[in-house]
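Participant: Pasted the sequence and its predicted model underneath.
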Amino acid sequence: MTLPSQSPRSHSPISSGARNAQGMRSLFIAVAAIGLGGAAAGWFLTHKSESPEVKSETTASITDPLIDDAATAAATSTIVVNATAADINAASSAPAVNTGANTATATPTAPLGTATTTSIATAQSAVAGAATAGIAGTPGTPATTPAATIGNAAQRIQQANAMIASDPIRARVELTRLLDSNALSATERTQAYAGINNLASALFFSPNIVPGDIASQSYVVKKGDSFARITNREKLAIDWRFIQRINQIASEKALRADMRLKLAHGPFDGEVIKADYRFNIYAGTGSERVMVASFPCGVGTNDSTPVGTFKVRTGSKLIDPEWSNPRTGEKFKSNDPKNPIGERWIGLQGTTPETAKFTGYGIHGTVEPQSIGKQMSMGCVRLGDAEVQVVYELIGESSTIVIR
């Protein structure tokens, strides 16, 4: 039996016309297939080079992670890599952002109790060359004696005064040499003293340390420090109040650990020039000696102030002392506003056979400011109230005082 699926196919005879039509149909199909294949190949070749483009880093922006505001960061903290000239011009016109992290000088806020609003330079910014920043008790480098200025005395004074702003260390050395030469007229000496005191405001009495200043050093406050402890530990040979003065700190309670201070390193010596009515303060010795300040003073009537070399008598530095007039016997108690010797007393003792005989002489204040610059005392050296406080703080038992 023959199943339906296995029934043989019948093949009718094909005419010649049908055969021609069938050939044309096959040719059309072949041509179409070739066309489609070419199109596909063309599409493949065309799109093979169109892989996703990697963006150039030319204008990629890197934002500062320390800035929280992304919009602000994009606008102000853009770093252009491989920038074009146009990018550089655009960046240069954008506002700069200063984070304060790398500023050359740091001006801290005034510590609690500071008596002034004057900016205080830190050791890191003002001490370069004078003392190692952050190292306590590192003394400054010695001053260098400058080459002599050119001209006569008046011209040299003028040149030295012109150097005060640009080279204060050299200016101070030159003015000191001129005053020590004793070759100046009275007018020239007055000009030189004025220059010394202009320098003192910037070099000596300010909290700033200038490189090359032999009288200054930096110090980092330790826990538990006081002005007196610092003065004793560093062997400054001055009164602790001067450290408080030059750092412009109103109260010792303002001291904090790691605070940076300027220290004045003594001993300091005094010299009284009776003819000039001046009390001069010196730092250093020998060729390094420089005048750091000069104050007007009064001396004894009839030229009675003794000349020679003296030192401070042990235990004779007094604040608000009592005093008895050796001529009248009148006594003045401590804090008496009428006390003729004022609020400070520094007793003197001769250091040579010629001066050892002079006893009872000293340096003190006065209640008669009009006597400064005159011969009105009983032989002592008198200073104004403000000036005698500074001298008291600087002149101590290690000091030498010369009167001439």
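Facilitator: Received the coordinates, thanks.
Participant: quick one: secondary structure of G195?
Facilitator: Going by DSSP: H, G, I helix; E, B strand; the rest coil, the secondary structure assigned to G195 is helix.
Participant: quick one: contacts for it?
Facilitator: I157, A160, N161, I164, A171, L175 (CB atoms under 8 Å, 6 or more residues apart in numbering). No exception for glycine: its C-beta is placed from N, CA and C like everyone else's.
Participant: and the two most separated of those residues?
Facilitator: Largest separation among those by CB to CB: I157 and I164, giving 11.4 Å.
Participant: quick one: which of these two has more around it?
Facilitator: Using other CB atoms under 10 Å as the criterion, I157 and I164 rank with I157 on top: 24 against 19.
Participant: where do the strands sit along the stretch 301-404 of the chain?
Facilitator: With DSSP state E, counting those that start in this stretch as the criterion, the stretch 301-404 of the chain has strands at 308-319, 323-324, 331-332, 344-350, 362-364, 375-377, 381-382, 400-403.
Participant: now those as JSON lines including distance to N208?
Facilitator: Compiled in JSON lines, these are given as follows (distance: least, CB to CB, whole Å):
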{"stretch": "strand 308-319", "distance to N208": "29"}
{"stretch": "strand 323-324", "distance to N208": "39"}
{"stretch": "strand 331-332", "distance to N208": "40"}
{"stretch": "strand 344-350", "distance to N208": "27"}
{"stretch": "strand 362-364", "distance to N208": "29"}
{"stretch": "strand 375-377", "distance to N208": "36"}
{"stretch": "strand 381-382", "distance to N208": "31"}
{"stretch": "strand 400-403", "distance to N208": "28"}
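Participant: Compare these and give me the one nearest P211.
Facilitator: The closest of the strands of the stretch 301-404 of the chain to P211 is strand 400-403. By CB to CB, the value is 27.7 Å.
Participant: In this structure L178 contacts A153, no?
Facilitator: Yes: between L178 and A153 a contact is recorded at 6.5 Å, counting by CB atoms under 8 Å.
Participant: The two - which one has more neighbours?
Facilitator: L178 (22 against 16).
Participant: Which strand residues bridge the closest residue in space to I363 that isn't next to it in sequence?
Facilitator: Closest residue in space to I363, ignoring its immediate chain neighbours: I346 at 4.3 Å, by CB to CB, 6 or more residues apart in numbering. On the basis of DSSP bridges, I346 is bridged to K317, I363.
Participant: Please tell me how far I346 sits from Y282.
Facilitator: For I346, the distance to Y282 (CB to CB, to the nearest Å) stands at 16 Å.
Participant: can you check E330 too?
Facilitator: Distance from E330 to Y282, by CB to CB: 36 Å.
Participant: between the two, who's got more neighbours?
Facilitator: For E330 and Y282, the more surrounded residue by other CB under 10 Å is Y282, and the numbers stand at 23 against 11.
Participant: And the more buried one, how far from L203?
Facilitator: Distance, Y282 to L203, using CB to CB: 14 Å.
Participant: Spit out the residues that contact these two alike.
Facilitator: Here Y282 and L203 have V292 as joint contacts, going by CB under 8 Å, 6+ apart.
Participant: Having no further points to raise, I will conclude here.
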